[in-house]
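[1] Test case, fold it:
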Amino acid sequence: MPARRPFVLALLVCLAACSGPPNEADTPPALLDVWVGLDDAAEMLAERPRNPCESAFGTWFTDFGVRGLSCVAANTIDPGIWVRWVAGAFESGPHFADGESFRLDLSGERDFGHYNEAFVDWVIENGIVGEERPVMRALTQPIYNTHIRRLARIYWLTHEDIEADGFPGSTPAGILSDYANFLDGGPIPDGAEAYEGGFSVFAFTDLSEGLLPRIGLHLTNEWEAKYEANTAFGFWLRRRVDGTRERWRDGLGRLLETYDGEWVARTGI
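    So this is what the prediction gives:
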């Protein structure tokens, strides 16, 4: 399973779903539908006899991971709105949206979507609900807790871990520098045959295992959290390549401060 994830499609649920003017009555209904529809969409997908996310999002799982969350979110709103979001998200790369449909091309070994900086800025600046909108804040808190919290914490912790080792000025030695070199056109490292022709998310498992105790949540299935952490390490290295790392890092920090204040205070982010 290549280590690439359309993280923006999931973070969009956290951020852009709350965008709009301070007057909560004027908030675009379609964006609110993403938040309030997550629970129902997740239940509906879980009841289907066949996995509806495999073809579009390349995942067998709808209840964890960025791809799973993206698939659930895509089932909460008009498909045309979702396509427009995808079309505006990427500056370049293999993903496709033409106004009527979208396709996430996850088959390439090294190719990945390069995010549009203006889009990332729009998401962050317009999307985080503040204290001036208490009704929306209260409405979305339990949804954040159920669908977003673990991913947000994991993506933050992975970034802090590699930043502590010198990132982004340098890439930490070992599997992370191997992956960075791979993105630049370098070879797959010796002994990496299990990467299935490219880097697998499981290449980062050793790094992810040490992160689990710091998430601060009861984990009924540790494998799910390790899987999410594995995808996060690759995400941050790709964001250095496309130049949006700092934007995503700052936006994620603001999201955590808004919805996860107690954890932020404990961890000191």
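
[2] Distance of Phe61 relative to Ala118?
    Using C-beta to C-beta, to the nearest Å, Phe61 is found at 32 Å from Ala118. (Each C-beta comes from the backbone N, C-alpha and C, glycine too.)

[3] who has more neighbours, the two?
    Phe61 (16 against 10; other C-beta atoms under 10 Å).

[4] Contacts only, for that one.
    Cys53, Arg67, Gly68, Glu224 (C-beta atoms under 8 Å, 6 or more residues apart in numbering).

[5] Give the helix, strand or coil label for it.
    Three-state call for Phe61 (DSSP: H, G, I helix; E, B strand; the rest coil): coil.

[6] what's the spacing between it and Asp78?
    Taking C-beta to C-beta, one finds Phe61 at 25 Å from Asp78.

[7] again, but for Gly93
    24 Å.

[8] try Ile162
    Applying C-beta to C-beta to Ile162 and Asp78 gives a distance of 38 Å.

[9] Mind checking which of these two has more residues around it?
    Neighbour tally, Ile162 and Asp78, criterion other C-beta under 10 Å: the higher count belongs to Ile162, 20 against 10.

[10] Now Phe233: closest residue in space, sequence neighbours ignored.
    Phe204 (4.4 Å; C-beta to C-beta, 6 or more residues apart in numbering).

[11] In a strand, the one you found, correct?
    No. Using three-state DSSP, the secondary structure at Phe204 is helix, not a strand.

[12] any idea of the pLDDT on it?
    The score at Phe204 is 88. That number is its pLDDT.

[13] One more: Leu38?
    Confidence score, pLDDT, at Leu38: 80.

[14] which stretches of the stretch 1-150 of the chain form helices?
    7-15, 29-47, 54-57, 65-74, 79-89, 117-127, 134-143, 149-164 (DSSP state H, counting those that start in this stretch).

[15] what would those look like in a markdown table with distance to Gly210?
    Listed next are the helices of the stretch 1-150 of the chain as a markdown table, based on distance: least, C-beta to C-beta, whole Å:
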| stretch | distance to Gly210 |
| --- | --- |
| helix 7-15 | 22 |
| helix 29-47 | 30 |
| helix 54-57 | 28 |
| helix 65-74 | 20 |
| helix 79-89 | 31 |
| helix 117-127 | 29 |
| helix 134-143 | 29 |
| helix 149-164 | 8 |
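
[16] re earlier: got the contact list for the residue nearest to Phe233?
    So Phe204 contacts Ala3, Ile175, Leu176, Tyr179, Ala229, Asn230, Phe233, Gly234 (C-beta under 8 Å, 6+ apart).
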